[in-house]
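Peer 1: Give me a 3D structure for the following:
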Amino acid sequence: TIGFGFVSGEAAVYAYSPEIAEVLIIGDINQKIIAIQTLALTGTANDHEALRAMDQGALYVTGGARLVIMTDTEARDAMSLEPIEPPPSDLEKVTINNRLRNALGSALASRDLSAPDPKVRLEAAKRLDEGAPVTFLPLIVQALSQEKDSKIKETLLLVQGGIEIKSLDAARRLDAVRIL
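Peer 2: All right, here's what the predicted structure looks like:
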């Protein structure tokens, strides 16, 4: 498995490796997008919170490469979500640009496809319809197979078609044309 995060200078035991945390901190834009997509596809609930914090401008890094979620009232370790007392003083915001913001939006939406609230699932499907990456196709197909709401299913089919129309496989492109 690969891991994500540092706790007190040692690698945390999560679904990801310290390499992903490092990429989110110092990687180039393309590397960060791949890391975000990886977290969306196979991450834990804590990883999802870290992505949401990054999207909201609340993810910070300490000088010791520890990812921290800052709110108005507390500092939390981005991996364990445990409070940090006292809050670190050497924080630097993890910055994002529009490409990262779009990747984060798609990543968060892909995770929201399994939300219990149909309104959240519909909003997630609509967000993915704006341009989901091909790597999310398995999540979309899985969500389609489990979805009961016809409006959400219809939107997910459009997302699937939008992805498959770009396929190198002619049969998949033809299937996409039928869907769309």
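Peer 1: Contact partners for the spatially most central residue of the chain?
Peer 2: Nearest to the mean C-alpha position of the chain, by CA atoms, centre = their mean, lies residue 107 at 3.1 Å. By CB atoms under 8 Å, 6 or more residues apart in numbering, the residues touching residue 107 are 36-37, 39-40, 51. C-beta: built from backbone N, CA, C; applies to glycine.
Peer 1: from those residues, which two are the most distant?
Peer 2: Greatest spacing in the contacts of residue 107, by CB to CB: 37 and 51 (10.3 Å).
Peer 1: Name the residue in these two with the higher neighbour count.
Peer 2: residue 51 (24 against 18; other CB atoms under 10 Å).
Peer 1: circling back: from the contacts of residue 107, which ones fall inside helices?
Peer 2: Using DSSP state H, 36-37, 39-40, 51 are the members of those that sit in helices.
Peer 1: Now flag whichever of those residues is closest to residue 142.
Peer 2: residue 40 (13.0 Å).
Peer 1: Apart from its chain neighbours, what residue comes closest to the closest one?
Peer 2: residue 107 (3.5 Å; CB to CB, 6 or more residues apart in numbering).
Peer 1: Got phi/psi on the one you found?
Peer 2: The phi and psi torsions at residue 107 (degrees, to the nearest 10) take the values phi -60, psi -50.
Peer 1: Could I get the pLDDT score of it?
Peer 2: You'll see residue 107 listed with a pLDDT of 93.
Peer 1: gap between it and residue 136?
Peer 2: Using CB to CB, to the nearest Å, one gets 8 Å for the distance from residue 107 to residue 136.
Peer 1: go on, residue 55?
Peer 2: 16 Å.
Peer 1: Compare those two (neighbour count), which wins?
Peer 2: Set residue 55 next to residue 136 and count neighbours by other CB under 10 Å: residue 136 wins out with 22 against 18.
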